[in-house]
Structures are given as structure tokens and as C-alpha cells.
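Novice: Fold the following, please.
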Amino acid sequence: MGILRGTCLDVMLMSGALLLSGAVAVSGAFSPFVAGAGTPVLVLAAPWGVGAAHIAEQGGGAVIGPSQTVFGALATFDDPDPRARLKRLGAWAVRDGQFLAMFCKGGTV
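Specialist: Numbering: from 1, shown residues only. I've put the predicted structure just below:
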């Protein structure tokens, strides 16, 4: 009986984690873009392309952070709203990095 209870608890915890991550993804997708010049911006791009960091650099941004992935990169821009330029370069989405940081650290970047 203990194994069954442990398995049920594992399933419940995994389900909760999946629901929470889904909620974060949806809220990030519909988040307002309020980033200004010099604030972190999350650039998302296709993993099979040139990479989000490359797109951010080509768009005039300075990539920040100790590491990036091909799917996403944090960058800062002198332009307060670089979304149109980054999308022309191939970015899937551009989000306010400070808004998304609330979910990661409970605060700001």
C-alpha cells in the first residue's frame, strides 16, 4: 500500500508542476511589453536556426547572462522597443525580461 501511495503522490506533484509551468508560459505569452532601453528582453527563436543570441546581436542588442540557448537569450537594447526589428531577423517572440523574472526569482532582474 505504501508504494501505491508514493506513486499517487508523485503523480500529483508532477501534475502540479506541469500546471504551474503551463500557467507561467501562458502568462508570459500574454505579458505586456513594458521594457525600456537598457532593461532585459527575452528573445525567443527557432532552435534549428541561427539562434536567439545571434538574432539579438544582429538586432543591435548586447546579450547578457553567463550562458544562452539556441531557443532563447536575454539581451539589452538601446532602443526601448526592438520587437519589430528582431521579428524581421527571425525571432519568434520578444518578451519583457523583467516581467518573466518575477516567476523565476520572485523579483526583478
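Novice: Can you show me the helices along the protein?
Specialist: 2-29, 52-58, 83-88, 97-105 (DSSP state H).
Novice: What is the third one packed up against?
Specialist: Using 3 or more Cβ pairs under 8 Å, 6 or more residues apart in numbering; DSSP states H and E as the contact definition, the elements that helix 83-88 packs against are strand 91-96. Heads up, the C-betas are built off the backbone N, CA and C, glycines and all.
Novice: Just name the shakiest helix or strand of this protein by mean pLDDT.
Specialist: The least trusted helix or strand in the chain, going by mean pLDDT, DSSP states H and E, turns out to be helix 2-29, with a mean of 61.
Novice: buried set for stretch 67-86?
Specialist: 68, 72-77, 82-83, 85-86 (16 or more other Cβ atoms under 10 Å).
Novice: which stretches of the protein have low pLDDT?
Specialist: Flagging of the chain using pLDDT under 70 yields the residue ranges 1-6, 8, 11, 16-35, 99-109.
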